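K.L.:
sharing a sequence plus its predicted fold:
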Amino acid sequence: MNMGVYLFLLLFALMFSGMPIALGVGMAAILTTGIWGQIGLELIFQQYYQGVNSFALLAVPLFMLAGELMTRLGLVDDIILLAKLLVGRMRGSLAQINIVASVFFSTMSGSAVADTAAIGGMLLPAMEKEGYDKEFSVAVTAASSIIGPIIPPSITMIVYGSLMSNVPTGAMFAAGIVPGVLIGLGEMALVYYFSRKRNYPRETKRYTAKEASAIAVRTLPAVLTPVVIVVAIFSGFCSATEAACIANIWVLITGALYYRRLNLKVFGESVIVAVETAGAILLLNAAAKPLSYLIAMAQLPTMISEAFTSFTSSKIVILLLLNVVLLFLGCFMECTANVLIFAPIFAPLAISFGVDPLQFALIFVVNVVCGICTPPFGPTIFLAAGIAKAPLERCMKAIIPFCVVQIAVILMISYIPALTLKLPRLLGLY
């Protein structure tokens with residue numbers, strides 16, 4: 001029996017037994033090595049070390065720390081205020097503000113769950129008070145939060161880039177902008193349709209030029225945070241990890257001097273949350289490295305490629321099948337785990353059919369990220385429904401139209417390569 005068969009039988013048996021994913025992945029690699037007997041365990045433990053011995057992965061805890069600090073220091077409040085100024089007069093204004101705020105916040109944290117907690121914690125109670133259906137409010141919050149791991153910086157992209165050396169992380173960041181914006185615009189159009197149909201309210205306040213200018217000045221430090229990150233990376237001035245350091249320095253300075261909310265307690269609590277969250281990702285990354293090594297040793301990508309080739313030689317059909325498989329996996333498994341386990345298998349397959357490595361990286365990431373809000377196990381739905389105290393079944397039904405929008409964007413980036421490749425090439429990143 002092929003070593004890869006042993007590997008995945010053990011992997012899924014351990015995971016379905018309730019074992020934590022990181023531990024299950026690591027145990028599957030060790031047990032497979034012992035059963036197969038042709039590879040020394042010392043080589044597996046070297047791979048464990050290599051899994052976290054990466055400068056790029058330092059960006060994970062740093063971006064998480066920046067997002068946590070921004071929430072605690074008040075930058076998110078200003079983001080919502082700016083979104084209110086920009087789209088507050090639209091039909092379904094609070095729902096539109098929810099989406100726009102998610103787009104802004106996504107350029108700072110890179111985490112969908114963080115977005116749901118930060119934006120949802122502030123806007124869900126307000127939406128309920130203004131007469132929005134609970135399930136609709138939850139659907140908007142959960143669906144818009146997935147923009148976080150698509151628009152840079154993205155924790156999922158950092159993990160993918162550290163695993164697949166043929167795709168630069170900076171190029172992935174640039175490639176994610178257009179799909180992220182398309183999802184945001186599609187969701188805003190959907191909110192406008194439902195708001196007119198259900199007669200949801202909109203803001204009646206009109207801002208004078210003086211008031212608008214005052215809001216713009218007040219929110220400038222919050223707005224400059226994503227600008228600092230994006231310009232630092234796309235200008236070639238620094239790497240994603242160095243940009244994360246700069247972002248934290250900027251947030252600490254504005255928190256201390258402008259918002260005047262920074263103290264040792266806030267900083268300490270932010271560090272603890274960021275380290276705990278990042279630690280789980282890095283443990284999984286360490287465990288996935290020997291798994292990827294064994295997958296390559298077992299020649300699983302070649303075997304799967306031959307199986308797909310025997311079924312069809314059409315690039316269009318292969319992309320459709322890969323999208324179905326990846327979206328299904330995204331519904332049942334956390335996106336970082338999907339990247340670490342399945343990217344080494346499916347990326348070579350897609351490339352063998354002529355798909356550009358960067359384009360497939362975005363197809364992969366957007367699929368598994370959309371799974372974060374897709375029934376039946378989307379974690380952002382559970383989190384937002386818990387905040388709003390809304391019936392979970394009705395929330396899952398309400399989010400389906402938003403999932404359709406996301407799938408439409410996935411198909412667009414699958415069959416129109418320019419949507420993901422044009423901007424990185426214009427910026428000289430790919």
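P.N.:
That came in fine, so what should we check first?

K.L.:
would you map the strands across the stretch 101-250 of the chain?
P.N.:
Assigned by DSSP state E, counting those that start in this stretch, the stretch 101-250 of the chain shows no strands.

K.L.:
what's the longest helix in this structure?
P.N.:
helix 264-297 (DSSP state H).

K.L.:
for that one, packing partners?
P.N.:
Counting contacts by 3 or more CB pairs under 8 Å, 6 or more residues apart in numbering; DSSP states H and E, helix 264-297 is packed against helix 3-16, helix 21-36, helix 41-52, helix 59-73, helix 155-163, helix 335-352. Bear in mind the C-beta positions are built from the backbone N, C-alpha and C, glycine included.

K.L.:
and that helix, which residues are buried?
P.N.:
Neighbour-count burial for helix 264-297 flags 267, 270, 273-274, 277-278, 281-295, 297 (criterion: 16 or more other CB atoms under 10 Å).

K.L.:
what's the average pLDDT for the following helix or strand past it?
P.N.:
For helix 264-297, the following helix or strand on the C-terminal side (DSSP states H and E) is helix 300-311. In this model, helix 300-311 carries a mean pLDDT of 76.

K.L.:
low-confidence ranges, the stretch 51-200 of the chain, go.
P.N.:
106-111 (pLDDT under 70).

K.L.:
all helices for it, in order.
P.N.:
For the stretch 51-200 of the chain, the helices defined by DSSP state H, counting those that start in this stretch cover 59-73, 75-87, 93-109, 112-129, 134-144, 155-163, 169-175, 177-198.

K.L.:
the first one: how far from the chain's middle?
P.N.:
Taking CA atoms, centre = their mean, to the nearest Å, one finds helix 59-73 lying 15 Å from the centre of the chain it belongs to.

K.L.:
send me it as PDB with only the CA atoms.
P.N.:
Taking C-alpha atoms only, helix 59-73 is exported to PDB below (Å, rounded to 0.1, in the frame of the first residue of the first chain):
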ATOM      1  CA  ALA A  59       4.300  38.300  10.400                       C
ATOM      2  CA  VAL A  60       1.500  36.100  11.800                       C
ATOM      3  CA  PRO A  61       1.700  37.100  15.500                       C
ATOM      4  CA  LEU A  62       2.700  40.700  14.600                       C
ATOM      5  CA  PHE A  63      -0.300  41.300  12.400                       C
ATOM      6  CA  MET A  64      -2.500  39.700  15.000                       C
ATOM      7  CA  LEU A  65      -1.100  42.000  17.700                       C
ATOM      8  CA  ALA A  66      -1.700  45.000  15.500                       C
ATOM      9  CA  GLY A  67      -5.300  44.000  15.000                       C
ATOM     10  CA  GLU A  68      -5.900  43.400  18.700                       C
ATOM     11  CA  LEU A  69      -4.300  46.700  19.700                       C
ATOM     12  CA  MET A  70      -6.400  48.600  17.200                       C
ATOM     13  CA  THR A  71      -9.600  47.100  18.600                       C
ATOM     14  CA  ARG A  72      -8.600  48.000  22.200                       C
ATOM     15  CA  LEU A  73      -7.200  51.400  21.500                       C
END
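
K.L.:
residue 319 against residue 417, yeah?
P.N.:
No. Using CB atoms under 8 Å, residue 319 is not in contact with residue 417, being 10.7 Å away.

K.L.:
between the two, which one's more packed in?
P.N.:
Set residue 319 next to residue 417 and count neighbours by other CB atoms under 10 Å: residue 319 wins out with 20 against 14.

K.L.:
residue 255 sits in which helix or strand?
P.N.:
helix 240-257.

K.L.:
other SSEs contacting that helix?
P.N.:
Applying 3+ CB pairs under 8 Å, 6+ apart, we find helix 240-257 packed against helix 59-73, helix 75-87, helix 169-175, helix 220-234.

K.L.:
in that helix, what's buried?
P.N.:
Under the neighbour-count criterion of 16+ other CB under 10 Å, helix 240-257 has 240-248, 250-252, 254-255 buried.

K.L.:
ok, residues contacting stretch 197-213?
P.N.:
84-85, 88-95, 130-133, 136, 194-195, 215 (CB atoms under 8 Å, 6 or more residues apart in numbering).

K.L.:
which residue lies nearest the spatial centre of the chain?
P.N.:
Closest residue to the average C-alpha location of the chain: residue 149 at 2.2 Å, with CA atoms, centre = their mean.

K.L.:
what's it sitting at in phi/psi?
P.N.:
The phi/psi pair for residue 149 (degrees, to the nearest 10) reads phi -80, psi 10.

K.L.:
could you check how far it is from residue 244?
P.N.:
Remark: distance between residue 149 and residue 244 (CB to CB, to the nearest Å) = 15 Å.

K.L.:
picking that back up, what's the angle between the longest helix of the chain and helix 21-36?
P.N.:
Angle of helix 264-297 versus helix 21-36, following axes from the mean of the first three to the mean of the last three CA atoms, to 10 degrees, is 30 degrees.

K.L.:
how far off centre is helix 264-297?
P.N.:
That offset, for helix 264-297, works out to 15 Å (CA atoms, centre = their mean).

K.L.:
one more: stretch 321-329?
P.N.:
17 Å.

K.L.:
cool, stretch 328-335 as well?
P.N.:
Relative to its parent chain, stretch 328-335 has a centroid offset of 12 Å by CA atoms, centre = their mean.

K.L.:
and that stretch, C-alpha only, in CSV?
P.N.:
Output of stretch 328-335 as CSV, limited to C-alpha atoms (Å, rounded to 0.1, in the frame of the first residue of the first chain):
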residue,chain,number,x,y,z
PHE,A,328,-16.3,21.7,0.4
LEU,A,329,-13.1,21.4,2.4
GLY,A,330,-13.4,25.1,3.5
CYS,A,331,-16.9,24.3,4.9
PHE,A,332,-15.5,21.5,7.2
MET,A,333,-12.0,22.6,8.2
GLU,A,334,-10.2,25.8,9.3
CYS,A,335,-8.6,27.6,6.4
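
K.L.:
what's in contact with it?
P.N.:
Residues contacting stretch 328-335 (CB under 8 Å, 6+ apart): 21, 149, 156, 338, 341-342, 365, 367-372, 374-379.

K.L.:
before we move on, what about stretch 246-255?
P.N.:
Contacts for stretch 246-255 (CB under 8 Å, 6+ apart): 62-63, 65-66, 69-70, 73-75, 108, 221-222, 224-225, 228-229, 232, 238, 261-262, 266-267.
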